[in-house]
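Engineer: make a model of this:
(one chain, ligands or ions: 1)
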Amino acid sequence: MQRRKPYLKSSRSNESIIENMNIGDINIMVVKKDIKNMHLSVLPPDGKVRITTPMSTNNETIRLFAMTKIAWIKAQIAKFEQQPRQTEREYVTGESHYFWGKRYRLQLAYTTKANSIRFTGNTVVLTVHKDSTTKQRENYVNEWYRAELKKRIPPLIEQWEKVLDVKVKDFGVKNMKTRWGTCNAKASRIWINLQLAKKPPKGLEYIVLHEMLHLIEKNHNKNFVALMDMHMPDWRTTKEMLNGFVLDKYEGITRSDDDDVDE
Ligand SMILES: [Zn+2]
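Structural biologist: This is a model prediction of the structure:
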């Protein structure tokens, strides 16, 4: 294997140090900050590799860690290259947009009053102010997705609270690039990825259950898998469906599997 000299560049900000490291032909961004464990991610849209580590970890340890994961990293990058991915959306007439797993053709309309979203057949009519920017249209559509999720999540939480005998104190929706959801078991709080409103509803059902099971079992161990199998026997099919569904430009769920539990 060809060994290139690692080039290290440091830039210091308030809470983190960012360095670059090369392993073979793979460039890795190393982010050192005030955390307990090392985390590896391959980021969308083009498979940038990032390792976040505690401040005190030395570069040799990081290098060895990365080398043991090189096969996984390469597999993730390859997966990105194969996955169908939308280009950046401009919210103009003719574009495709996904709502609950269905593809709609966007038709833009103008108003001087309130924005709205309306579905008719395979068309979604987005009515906005004429002078609105792409960013404003995007924000409006994202708020629609968020509101939809906030309607659908509470009944799912209620359903599983009874079955699992757990309590979710709080939940939220946020746009995440690399995780479908997270769970903070100590605070009994779950976060759900806004992108799930674009996928078939089964995906949301699966992720809500998955995150809630972390209130019982923190790790993705045998017990966790057994619980998943018991409560949603077809979860593997749903997971595959989610990971194969058309992605947004900056989306890519590539965290290694035990990474969705907040410390
Ligand atoms: Zn998990």
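Engineer: distance of the residue nearest to Ala197 when sequence neighbours are not counted from Met241?
Structural biologist: Nearest non-adjacent residue to Ala197, counting by CB to CB, 6 or more residues apart in numbering: Tyr145, 3.8 Å away. All C-beta spots, glycine's among them, are computed from the backbone N, C-alpha and C. Counting by CB to CB, to the nearest Å, the gap from Tyr145 to Met241 is 19 Å.
Engineer: what's opposite the nearest residue to Glu95 once chain neighbours are set aside in the beta bridge?
Structural biologist: Among residues not flanking Glu95 along the chain, Leu106 sits closest, at 4.6 Å (CB to CB, 6+ apart). Under DSSP bridges, the beta-bridge partners of Leu106 are Val124.
Engineer: settle this for me: Leu106 is touching Val124, isn't it.
Structural biologist: Yes - when contacts are counted by CB atoms under 8 Å, Leu106 is listed as touching Val124 (5.6 Å).
Engineer: in terms of neighbours, single out the busier of the two.
Structural biologist: Comparing Leu106 with Val124 by other CB atoms under 10 Å, the one with more neighbours is Val124, at 23 against 20.
Engineer: got the contact list for the more buried one?
Structural biologist: His97, Phe99, Tyr104, Arg105, Leu106, Gln107, Ile117, Arg118 (CB atoms under 8 Å, 6 or more residues apart in numbering).
Engineer: could you single out the nearest of these to Gly172?
Structural biologist: Phe99 (20.7 Å; CB to CB).
Engineer: quick check: the closest one touching Lys198?
Structural biologist: Yes - contact criterion CB under 8 Å: Phe99 and Lys198 qualify, at 6.7 Å.
Engineer: looking only at neighbour counts, state which of those two leads.
Structural biologist: Remark: of Phe99 and Lys198, Lys198 carries more neighbours, 22 against 17, as counted by other CB under 10 Å.
Engineer: how about Met212: what's its closest non-neighbour residue?
Structural biologist: Per CB to CB, 6+ apart, closest to Met212 is Trp160, 5.0 Å.
Engineer: pLDDT at that neighbour, what is it?
Structural biologist: At Trp160, the pLDDT value in this model is 98.
Engineer: hang on, the earlier thing: name the residue in Tyr145 and Met241 with the higher neighbour count.
Structural biologist: For Tyr145 versus Met241, the count of surrounding residues by other CB under 10 Å is larger for Tyr145: 20 against 16.
Engineer: surely Ser116 touches Thr127?
Structural biologist: Yes - using CB under 8 Å as the test, Ser116 is close enough to Thr127 to be in contact (4.7 Å).
Engineer: quick one: which of those two has more around it?
Structural biologist: Thr127 (16 against 13).
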